[in-house]
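1. turn this into a structure:
(one chain, ligands or ions: 4)
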Amino acid sequence: AKSSGKARIVVYEAEMDRRATHDAKLGADLRRALDRDEFFLVYQPVVRLPDGCPAGAEALVRWRHPERGVVPPVEFIPLAEQTGLIVPLGLWVLNEACRQAAQWLRDLRTTGPWKVSVNVSARQLSEPGFAVQVAEALAGWLLPADRLMIEVTETAIFDNETATATLRQISALGVALALDDFGTGHSSLSLLRTAPVDVLKVDKSFVDDLGGDNAESTIVTATLYIANGLRLSAVAEGVETPTQARRLYELGYQLAQGYHFAKPLPAEEMAALLAGAAPL
Ligand code: C2E
Ligand code: CA
Ligand code: CA
Ligand code: CA
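-> Ligands and ions are numbered 1, 2, ... in the order given. Below is the predicted model of the structure:
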């Protein structure tokens with residue numbers, strides 16, 4: 001038993017080594033990826049219920065790795081956060097999304113009230129000068145502030161005076177703010193008073209509860225109640241089935257996002273949706 005325990009430890013250490021090497025390699029690749037233009041954005045529609053007309057687009061980053069192919073953000077955002085690379089990467093995402101939104105605004109004949117939203121990590125929000133970078137991106141691409149939304153998690157702003165002050169500056173520019181993954185972080189309802197929030201994005205895990213036989217709607221209902229009371233919008237995330245979509249509509253949700261409506265799309269496909277503003 002003793003020797004097998006030892007063997008297990010050796011195997012475990014080998015696995016740790018393998019992972020550390022993997023991370024180190026990926027980290028080194030990540031540092032070069034920005035210079036090599038390997039990142040791109042896809043856009044997931046946020047739709048109106050019940051008709052499915054696009055009301056906005058969330059920008060989601062992808063990495064086209066020369067050997068691994070397209071790498072999803074779960075595999076490199078945490079690493080980028082650890083190494084600080086999220087700061088220049090996040091700045092690239094912000095500028096690319098603003099560039100794209102400004103181009104859509106020029107090219108598309110219909111100009112419905114859609115916004116493009118950008119995910120911002122805690123680390124970016126704590127950088128002094130982030131609000132200035134947002135102002136510069138808008139001015140640089142000639143994008144009206146009301147076309148941009150910034151998505152942050154509760155955890156990123158919880159107990160963080162710098163982050164909250166930055167959000168107030170961004171909000172003063174006319175940019176909308178969404179609380180992402182609402183209900184899963186360091187939830188504190190007092191956040192909704194101190195941070196200038198416009199939108200609550202109800203996390204997929206609560207939307208999942210709506211399906212199936214033991215449908216459970218307490219959290220999605222309570223979140224909508226809070227949003228309505230505070231005059232915020234609510235977006236239900238991760239809607240995968242017609243049943244969930246119908247339940248959300250019956251509960252009073254007006255906005256939703258998820259594979260049931262559309263997966264994240266290449267920019268051209270998102271543009272076609274915005275141009276038509278047609279039901280999905
Ligand atoms: P998020 O901001 O909560 O984004 C939603 C994620 O859920 C996206 O994954 C989206 O593709 C996925 N999703 C949407 N609808 C459905 C659905 O119906 N079912 C399922 N199973 N998934 C759905 P993605 O693109 O892999 O992004 C994962 C996370 O990575 C994002 O979660 C966000 O936290 C982070 N992320 C993505 N892009 C950026 C970025 O540019 N900057 C930062 N800081 N974080 C980013
Ligand atoms: Ca998000
Ligand atoms: Ca989310
Ligand atoms: Ca999430």
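2. C-alpha only now, for contacts and for neighbours.
-> OK.
3. so Val116 is in which element?
-> For Val116, the host element (DSSP states H and E) is strand 115-119.
4. what mean pLDDT does the longest helix along the chain have?
-> For the chain, the longest helix by residue count, based on DSSP state H, is helix 2-33. Regarding helix 2-33, the rounded mean pLDDT is 77.
5. and stretch 260-278, by the same measure?
-> 92.
6. any residue of it up close to ligand 3?
-> No - using CA under 5 Å from the ion, stretch 260-278 never reaches ligand 3; the gap is at least 13.0 Å.
7. list the contacts of Val74.
-> If a contact means CA atoms under 8 Å, 6 or more residues apart in numbering, then Val74 has no contacts.
8. show the pLDDT at the most centrally placed residue in the chain.
-> For the chain, Asn119 is the residue whose C-alpha lies nearest the centre (CA atoms, centre = their mean; 4.1 Å). Asn119 is assigned 98 on the pLDDT scale.
9. tell me the pLDDT at the residue in the chain positioned nearest to ligand 3?
-> Relative to ligand 3, the nearest point of the chain is Asp181 (4.2 Å; CA to the ion). Per-residue pLDDT puts Asp181 at 94.
10. in contact with it, which residues?
-> Contacts for Asp181 (CA under 8 Å, 6+ apart) come out as 153-154, 201-204.
11. confirm it sits in a strand?
-> Yes - assignment of Asp181 by DSSP: H, G, I helix; E, B strand; the rest coil places it within a strand.
12. before we move on, what SS does Glu250 have?
-> Going by three-state DSSP: Glu250 is helix.
13. so it versus ligand 1, what's the distance?
-> To ligand 1, Glu250 is 19 Å away according to CA to the nearest ligand atom, to the nearest Å.
14. which helices and strands sit right next to the longest helix of the chain?
-> Contact here means 3 or more CA pairs under 8 Å, 6 or more residues apart in numbering; DSSP states H and E; on that basis helix 2-33 packs against helix 77-83.
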